[in-house]
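Student: coordinates only, sequence not included:
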């Protein structure tokens, strides 16, 4: 089998390329820009294109499949050449579906928590010796690649993103997987550049439930009213299982699960993670894992990359980073920190970085999301807004949108860092929340500078 990936440098696409290469396919690809870590990871496997750019001559008649990534445009020269030749063209979710035919497919959907929940399931399956294929949106400890596609695994665990599949396929990715077991973690309006109204966004999850196979299972978080509204109206051929946060207690900065076998100490924390964990447990039970084995395995789960990930921990302070950027994620992560460390001050920093978060019409959704922080520092770069061709916003507009007096707004990352360095950090935690990096801030160095000497 020979496959060619258009936009091979993307996060999902380069991992798919590696997975197909390791399966034994002949893989080629192109991209007009390839950044780290994609560049090094492709080069290590001799998959890095010799030159950046688009080369229609790479589209040869003997290709079995052309896979097009979201970074490519509809008028991409290689895509046009593939269409002209009548080759089989797939989006990456389409091709993952194609490669997982005959397997029991588990698809984790939701506006938040899907990467962590998928990661929990994969961690437990691996600990229990159950082979699986997978697609997950973060690098996991103990896994070399974010995608695995094999001939031998009978289970495929897929993180089901609701964003569009490709420039020529405007369906949400998770509509293409046809799960046997589906899970919805939560619904909170996101991707407003694609789904112009909340009702339109919610409707994508309703459609997702209709894609579940006959006699399939839908597992859903009953703590979320929007999820309940969708899943309680699921098709009659689908079995539904509702869940809530797993019972737990927090003592001395450690969260313990309350289980039939006694307390189980965890390396993760937060109400939202207890919801994710309970959902993951229901999936694992549906895959034949025993409850006691799930608890034994989940105790060693340390989280997915950039999801409530420790940067530096000292006896009286910790610094964590988190991918949180949407209102629901921001509120959940901030709340988790205050519950885990109720006797410490919390300095919460977040960056408005995505299309939705920088959209003036969306800002009001951030109201009260940082209220639990002792100090909330919000950063955005006006040049990023201009680059995304959005209407300019002012710092005072952002401060009013968050709606609490603890919020300070910055448009200069260096000034934000200087103010952090001037603070006292005894019995104080720092939470850095962004899908970017505050325009080049070295989190590890910053954490060392702030609390490294404690």
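Tutor: The structure has been received and is ready for your questions. Predicted model only: the values in this text are computed from it and were never measured. Numbering: from 1, shown residues only.
Student: for residue 54, grab the count of nearby residues.
Tutor: Neighbourhood size, residue 54 [other Cβ atoms under 10 Å]: 19. In this view, the C-beta of every residue, glycine as well, is placed from N, C-alpha and C.
Student: try residue 184
Tutor: 29.
Student: was I right to think it contacts residue 220?
Tutor: Yes - counting by Cβ atoms under 8 Å, residue 184 touches residue 220, with 4.7 Å between them.
Student: between those two, what contacts are shared?
Tutor: Common neighbours of residue 184 and residue 220, using Cβ atoms under 8 Å, 6 or more residues apart in numbering, are 227, 230, 231.
Student: which of those ranks first by neighbour count?
Tutor: residue 231 (25 neighbours).
Student: show me where the stretch 1-150 of the chain dips below the pLDDT cut-off.
Tutor: Along the stretch 1-150 of the chain, segments meeting pLDDT under 70 are nowhere present.
Student: could you pull out the helices for it?
Tutor: Under the criterion DSSP state H, counting those that start in this stretch, the stretch 1-150 of the chain contains helices at 11-23, 38-44, 77-85, 92-99, 114-127.
Student: which of these is buried the deepest?
Tutor: helix 114-127 (a mean of 26; mean count of other Cβ atoms under 10 Å).
Student: helices or strands up against that one?
Tutor: Counting contacts by 3 or more Cβ pairs under 8 Å, 6 or more residues apart in numbering; DSSP states H and E, helix 114-127 packs against strand 104-109, strand 155-159, helix 271-286, helix 291-298.
Student: got the angle between that helix and strand 155-159?
Tutor: 160 degrees (axes from the mean of the first three to the mean of the last three Cα atoms, to 10 degrees).
Student: which other residues reach helix 114-127?
Tutor: With contact meaning Cβ under 8 Å, 6+ apart, helix 114-127 is reached by 106, 108, 110, 131-132, 134, 136-138, 140, 142-143, 155, 157-161, 183, 185, 273, 276-277, 279-280, 283-284, 287, 289, 293-294, 296-298, 300-301, 303-304, 307, 323.
Student: before we move on, back to that, what's the closest of the helices of the stretch 1-150 of the chain to residue 53?
Tutor: Checking these against residue 53 by Cβ to Cβ gives helix 77-85 as the closest, at 9.2 Å.
Student: please compute how far that closest one lies from its chain's middle.
Tutor: 31 Å (Cα atoms, centre = their mean, to the nearest Å).
Student: got it, and stretch 145-158?
Tutor: 18 Å.
Student: same deal with stretch 253-272?
Tutor: For stretch 253-272, the distance to the chain centre is 23 Å (Cα atoms, centre = their mean).
Student: kindly report the same for stretch 54-68.
Tutor: Chain-centre distance of stretch 54-68: 30 Å, with Cα atoms, centre = their mean.
Student: would you mind listing the buried residues in that stretch?
Tutor: Within stretch 54-68, the residues scored as buried using 16 or more other Cβ atoms under 10 Å are 54, 58, 59, 63, 65, 66, 67, 68.
Student: output those in JSON lines, with distance to residue 175 appended to each entry.
Tutor: Formatted as JSON lines, those follow (distance: Cβ to Cβ, whole Å):
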{"residue": "54", "distance to residue 175": "28"}
{"residue": "58", "distance to residue 175": "30"}
{"residue": "59", "distance to residue 175": "27"}
{"residue": "63", "distance to residue 175": "26"}
{"residue": "65", "distance to residue 175": "20"}
{"residue": "66", "distance to residue 175": "21"}
{"residue": "67", "distance to residue 175": "17"}
{"residue": "68", "distance to residue 175": "17"}
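Student: in strands, which of these fall?
Tutor: Judged by DSSP state E, the subset of the buried residues of stretch 54-68 located in strands is 65, 66, 67, 68.
Student: next, format the residues you listed as a markdown table and append distance to residue 409.
Tutor: Below are those laid out as a markdown table (distance: Cβ to Cβ, whole Å):
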| residue | distance to residue 409 |
| --- | --- |
| 65 | 48 |
| 66 | 45 |
| 67 | 42 |
| 68 | 39 |
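Student: which among these gets closest to residue 317?
Tutor: residue 67 (45.6 Å).
Student: which of the shared contacts of residue 184 and residue 220 lies closest to residue 193?
Tutor: Nearest member of the shared contacts of residue 184 and residue 220 to residue 193, counting by Cβ to Cβ, is residue 230, at 22.2 Å.
Student: can you tell me the element that closest one falls in?
Tutor: Under the criterion of DSSP states H and E, residue 230 resides in helix 225-231.
Student: show me what that helix is in contact with.
Tutor: 110, 184-188, 202, 205-206, 209, 218, 220-222, 240, 242.
Student: same thing with stretch 8-23?
Tutor: Here stretch 8-23 makes contact (Cβ under 8 Å, 6+ apart) with 3, 5, 7, 27, 29-31, 33-35, 38-39, 41-42, 45, 47, 49, 67, 69-71, 92, 95-96, 99, 135, 137, 145-151.
Student: do that again at 7 Å, thanks
Tutor: Contact with stretch 8-23 is made by 3, 5, 7, 27, 29-31, 33-35, 38, 41-42, 45, 47, 49, 69, 71, 92, 145-150, as judged by Cβ atoms under 7 Å, 6 or more residues apart in numbering.
Student: is residue 187 in contact with residue 199, as I believe?
Tutor: No - with contact defined as Cβ atoms under 7 Å, residue 187 and residue 199 do not form a contacting pair (11.3 Å).
Student: of those two, give the one with the bigger neighbour count.
Tutor: Just comparing residue 187 and residue 199: by other Cβ under 10 Å the higher neighbour count belongs to residue 187, 27 against 9.
Student: separation between the closest residue to the more buried one other than its chain neighbours and residue 419?
Tutor: Among residues not flanking residue 187 along the chain, residue 226 sits closest, at 3.9 Å (Cβ to Cβ, 6 or more residues apart in numbering). Look at residue 226 and residue 419: by Cβ to Cβ, to the nearest Å, they are 37 Å apart.
Student: with that, I have no additional questions.
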